[in-house]
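Novice: below are the sequence and a predicted model for it; my questions follow.
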Amino acid sequence: MLRRLTGIVLAALLAIPSTAAFAAPKTDFKICWSIYVGWMPWGYIADSGIMKKWADKYGINVEITRINDYVESINQYTAGGFDGCSMTNMDALSIPAGGGVDTTALIIGDFSNGNDAVILKDKKELADIAGQSVNLVELSVSHYLMARALDTVGLTEKDLSVVNTSDADIVAAYGTSDVTAVVTWNPLASEILAMPGAAKVFDSSDIPGEIIDLMVVNTEMLADNPALGKALVGAWYEAMALMASGTPEGKAAREEMAKASGTDLDGFEAQLASTQMFYEPAKAVAFAKSAELPKTMDLVRNFLFDHGILGTNAPNVDVIGMSFADGSALGDKENVKLRFDPAFMAEAAAGSL
């Protein structure tokens, strides 16, 4: 649930020395994750022994730690406290990449396909949002979703007022008479939609493939320690195959993930239903190589720049470079800090890990 808290701490992170990310060959690694439907497999991978199995195969040790605060997990990764971390594409660009830490999207796990929603009270059309105060976590992917929604009906943020509201408070806020519009994510969105007068007028399935959930790692660390990439990717796709297997063991795994995320199996599978999971590595590779991914990241970087999240001194949207599977780049090619490299996922797809 905490996945969607945002890159508003970027300014503070710019003060963190990126030298903490110094890379060298080693055998002990630390990975962190936070609670969200698409990242629950990491807890299971750790607890079930799957991670140890793959780490042993490559002669390394991998410690997987759950961090209850999403932003704090990214902060610690950016400061060099972890070698990898789960985060969204938007936050990967705004926080570690924006803070100068060269970061590689090692695993593209899923994209939100309905988990994030714009909800109005007693109104059924998106255009009715004009003139309203909209409660959301400011500068988060909820904010991005709203901006993209507004584009579809010829509105801009000038046509409404944004009220910054913590994810912990947004359900209660909707229950008050003063709040008539919210943007949030599951399971919060489902709770609100069960309340009187609530109508979903736009969700992430209307912009498929734009809110992406990743496991990222430090690029220099990965270059010096490819065994880490192989072990993480191997463990991930073993868990994916189990989840998708339709076996009693797969059901038991999903039940463990549901329990760890604070829901039951039905609740967890409802969240999975609005999440486009890439259970097969070949599908994740195809997504990484698609022509749509650079287009999505162009939308994301422009949103971040327009809202001052690429740094207050960023001269233009090209200040941070991003590279893609085909060798193309967006932004400053001399300052590439976010890389979408499907090489390790492709090894998994080829059965060569």
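Specialist: Yep, it's here. This structure is a prediction, so every number in the text was calculated from the model and none was measured. Numbering: from 1, shown residues only.
Novice: C-alpha only now, for contacts and for neighbours.
Specialist: Fine.
Novice: mind jotting down where the helices sit in the stretch 201-350 of the chain?
Specialist: Along the stretch 201-350 of the chain, the segments classed as helices by DSSP state H, counting those that start in this stretch run 219-224, 226-243, 248-260, 265-273, 281-289, 292-306, 343-349.
Novice: columns mean neighbour count and distance to residue 46 on top of these, output as a markdown table?
Specialist: Shown next, in a markdown table, are the helices of the stretch 201-350 of the chain (neighbours: other C-alpha atoms under 10 Å; distance: least, C-alpha to C-alpha, whole Å):
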| stretch | mean neighbour count | distance to residue 46 |
| --- | --- | --- |
| helix 219-224 | 18 | 20 |
| helix 226-243 | 21 | 9 |
| helix 248-260 | 17 | 12 |
| helix 265-273 | 17 | 19 |
| helix 281-289 | 19 | 20 |
| helix 292-306 | 18 | 30 |
| helix 343-349 | 20 | 19 |
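Novice: now render those as JSON lines, adding mean pLDDT and distance to residue 208.
Specialist: Converted to JSON lines, the helices of the stretch 201-350 of the chain look like this (pLDDT from 0 to 100; distance: least, C-alpha to C-alpha, whole Å):
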{"stretch": "helix 219-224", "mean pLDDT": "97", "distance to residue 208": "27"}
{"stretch": "helix 226-243", "mean pLDDT": "98", "distance to residue 208": "21"}
{"stretch": "helix 248-260", "mean pLDDT": "96", "distance to residue 208": "24"}
{"stretch": "helix 265-273", "mean pLDDT": "93", "distance to residue 208": "14"}
{"stretch": "helix 281-289", "mean pLDDT": "98", "distance to residue 208": "12"}
{"stretch": "helix 292-306", "mean pLDDT": "96", "distance to residue 208": "10"}
{"stretch": "helix 343-349", "mean pLDDT": "98", "distance to residue 208": "21"}
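Novice: of the ones you listed, which approaches residue 87 most closely?
Specialist: helix 292-306 (14.3 Å; C-alpha to C-alpha).
Novice: how far does that closest one sit from its chain's centre?
Specialist: With C-alpha atoms, centre = their mean, to the nearest Å as the basis, helix 292-306 stands 14 Å off its chain's centre.
Novice: could you say what helices and strands that helix packs with?
Specialist: helix 89-92 (3 or more C-alpha pairs under 8 Å, 6 or more residues apart in numbering; DSSP states H and E).
Novice: hmm, back to that, is it possible to get TSV of the helices of the stretch 201-350 of the chain that adds distance to residue 50?
Specialist: Shown next, in TSV, are the helices of the stretch 201-350 of the chain (distance: least, C-alpha to C-alpha, whole Å):
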stretch	distance to residue 50
helix 219-224	20
helix 226-243	6
helix 248-260	12
helix 265-273	21
helix 281-289	17
helix 292-306	30
helix 343-349	15
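Novice: so what's residue 312 scoring on pLDDT?
Specialist: Looking at residue 312, its pLDDT reads 63.
Novice: my bad, should have said residue 108
Specialist: Taking residue 108 on its own, its pLDDT is 98.
Novice: confirm it sits in a strand?
Specialist: Yes: in this structure, residue 108 lies within a strand as judged by DSSP: H, G, I helix; E, B strand; the rest coil.
Novice: what is the burial count for it?
Specialist: By the criterion of other C-alpha atoms under 10 Å, residue 108 has 25 neighbours.
Novice: quick one: contacts for it?
Specialist: Residue 108 sits next to 212, 213, 214, 215, 278, 284, 288 when contact means C-alpha atoms under 8 Å, 6 or more residues apart in numbering.
Novice: one more pass at 7 Å, please.
Specialist: Taking C-alpha atoms under 7 Å, 6 or more residues apart in numbering, we find residue 108 in contact with 213, 214, 215, 284.
Novice: beta partners of it?
Specialist: Listed beta-bridge partners, residue 108: residue 214 (assigned using DSSP bridges).
Novice: separation between it and residue 213?
Specialist: Counting by C-alpha to C-alpha, to the nearest Å, the separation of residue 108 from residue 213 is 6 Å.
Novice: outline the domain layout of this protein.
Specialist: 2-111+211-349, 116-206 (automatic domain parsing).
Novice: least confident of these, on average?
Specialist: domain 2-111+211-349 (a mean of 91).
Novice: centre of the chain to it, how far?
Specialist: 7 Å.
Novice: next one: stretch 138-153
Specialist: The chain centre lies 16 Å from the centre of stretch 138-153; the measure is C-alpha atoms, centre = their mean.
Novice: which parts of it are buried?
Specialist: 138, 139, 140, 141, 142, 143, 144, 145, 146, 148, 149, 150 (16 or more other C-alpha atoms under 10 Å).
Novice: ok, of these, which one's closest to residue 71?
Specialist: Closest to residue 71, out of all of the buried residues of stretch 138-153 and judged by C-alpha to C-alpha, is residue 140, at 10.8 Å.
Novice: how far away is the closest one from residue 275?
Specialist: In terms of C-alpha to C-alpha, residue 140 sits 18 Å off from residue 275.
Novice: and residue 105, by the same measure?
Specialist: On the measure of C-alpha to C-alpha, residue 105 and residue 275 end up 19 Å apart.
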